[in-house]
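Asks: sequence and predicted structure, then a few things I'm wondering about:
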Amino acid sequence: MNGFNGGLLSALALTVGLGGVATAEPDDDSLTINGEIAIVTEAAAPAHLEYVDTVYSGWRFRSDETQAVQMDDFDNPGMLGVELGIEQWSAVDGSEGESCASCHGDVEDMAGVKAVYPKWNEGAGEVRTIEMQINDCRKTRMGAEEWKYNGGEMTNTVALLASVSRGLPVNVAIDGPAQSTWEKGKEIYYTRYGQLELSCANCHEDNYGNMIRADHLSQGQINGFPTYRLKNTKLNTVHDRFRGCIRDTRAHTFSVASPEFIALELYVTSRGNGLSVEGPSVRN
Amino acid sequence: MRKLLMVSAALAVTASAGWSEAIMPASVSFDDGAVASSISGQPGDPEAGRLVMNKGAGNCIACHEVSVLSEWPFHGEVGPALDGVGDRWSEAELRGIVSNAKMMFPETMMPSFYKTDGYIRPGNAFTGKAAEGELEPLLTAQQIEDVVAFLLTLKE
């Protein structure tokens, strides 16, 4: 359906002869970072997706110039956050005299961890984002103050953990004890919020590939978070991005770290199962 | 219902000595998705409607391409192109679609521009905060009429 509409619309655009870019599909570029980390930006949709056959990284919807910034860590400003994250990784903090490295060792050994979050935590009886897990470590293992959920220290550490998982497939579990949270996230994804009555699906499932004003709509995949945006020149968290999108529907948004956004993060992450972890990615 | 509305519109004309009041969003009468007569009680101004098509007002071109508005960049392609729309739809149909397209196309993504209730978590404009008090429709009754008048000028 999307392909049909997109094709029809771009045919009309050509007939009408308007200026601007009328690219109705993701491009054909392939992404390798630093000439060595191969990133899967296109994959068969996970079985639970009913209306989409192929999932694409948002990287495929960006201009060549924006894409290039992510292809080399020396060009990617998001890697400055990763460097700060490396310093924090071995920095002792809190009453127990521990750092992340005290228990977890070399951060490279954390490869694959980011790929399975959000994740059910049996002891806590809840689905946890990686931010929640980091703060639990800080509080209970390190005796340290929790970080602000979407603050700089936290986001830099999440970027670090993403960076060591780059190229590994996103693979969050949606069944078993996580299923009810996942269902809740799915319901939010398809709910038309705000005075503009727009759901995530309206733009990112029904209209990816189409232009909405100057924006080339992507599938809204979050495998590249935290994401360095050229628009605000900083690393952006998933929940802040959700908040911005829902705000733009003229809705009363949910809060960062709310149960609703945790559920939505699990659901939207699962829509990208099979794509590579890409954070810190670069977008416009 | 429609007759009642026409009566009350007529009464409004009488009461305000020639200046008829707009029909409130909840009172607009749709017939197969179309709205027969002006909801502002006044004719539309196509030149004013042209301006509403741009960002800051209706922002219609965020989703629709319109050749005669090519001076403004970045027309979207989410909805159908509007060239020739004045030939394809009647004035009443266009008024219905612009006011509340979901009356004609229940699943459409198009926002309802003359509606004030039935929303899920309505916000205070684009602040992300909860709406306070009664919502204003996205466009005024006269802006709806102006857009309809502009769309009627789009002939093949």
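Replies: It's in. Numbers count the residues shown, from 1 in each chain, chains lettered A, B, ... in the order given.
Asks: for the residue nearest the centre of chain A, what are its contacts?
Replies: The centroid of chain A falls nearest to residue A:222 when counting by CA atoms, centre = their mean (2.1 Å). By CB atoms under 8 Å, 6 or more residues apart in numbering or on different chains, the contact list for residue A:222 reads A:238, A:241, A:265, A:268, A:269, A:272. C-beta here means a position set from N, CA and C on the backbone, and glycine is covered the same way.
Asks: could you rerun that using 6 Å?
Replies: By CB atoms under 6 Å, 6 or more residues apart in numbering or on different chains, the contact set of residue A:222 is A:238, A:268, A:269.
Asks: just give me the closest of the residues you listed to residue B:104.
Replies: Nearest to residue B:104, judged by CB to CB, of the contacts of residue A:222 is residue A:268 at 31.5 Å.
Asks: in contact with the closest residue to residue B:130 other than its chain neighbours: list those residues for me.
Replies: Nearest-residue entry for residue B:130: residue A:252, 4.0 Å, with adjacent residues in sequence omitted and distances by CB to CB, 6 or more residues apart in numbering or on different chains. Residue A:252 sits next to B:121, B:123, B:130 when contact means CB under 6 Å, 6+ apart.
Asks: where does the chain dip in pLDDT?
Replies: All of this refers to chain A. A:1-24 (pLDDT under 70).
Asks: try chain B instead
Replies: By pLDDT under 70, the low-scoring segments of chain B are B:1-20.
Asks: chain A contacts on that one?
Replies: When proximity is defined as CB under 6 Å from any CB of the partner chain, chain B approaches chain A at B:62, B:65, B:67, B:70, B:74-78, B:81, B:109, B:111, B:119-123, B:128, B:130.
Asks: so which residues of the chain form strands?
Replies: This is for chain A. Counting by DSSP state E, chain A has strands at residues A:31-33, A:37-39, A:42-44, A:54-56, A:119-121, A:126-128, A:211-212, A:215-216, A:227-229, A:234-236, A:281-283.
Asks: quick one: list the elements packing against the third one.
Replies: Put plainly, it is strand A:42-44. Based on contacts counted as 3 or more CB pairs under 6 Å, 6 or more residues apart in numbering or on different chains; DSSP states H and E, there is no element that strand A:42-44 packs against.
Asks: circling back: separation between the residue nearest to residue B:130 and residue A:100?
Replies: The gap separating residue A:252 from residue A:100 is 36 Å, by CB to CB, to the nearest Å.
Asks: thinking again about what came up before, need the contacts of residue A:252 in JSON lines (columns: neighbour count and secondary structure).
Replies: Formatted as JSON lines, the contacts of residue A:252 follow (neighbours: other CB atoms under 10 Å in any protein chain shown; DSSP: H, G, I helix; E, B strand; the rest coil):
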{"residue": "B:121", "neighbour count": "17", "secondary structure": "coil"}
{"residue": "B:123", "neighbour count": "25", "secondary structure": "strand"}
{"residue": "B:130", "neighbour count": "12", "secondary structure": "strand"}
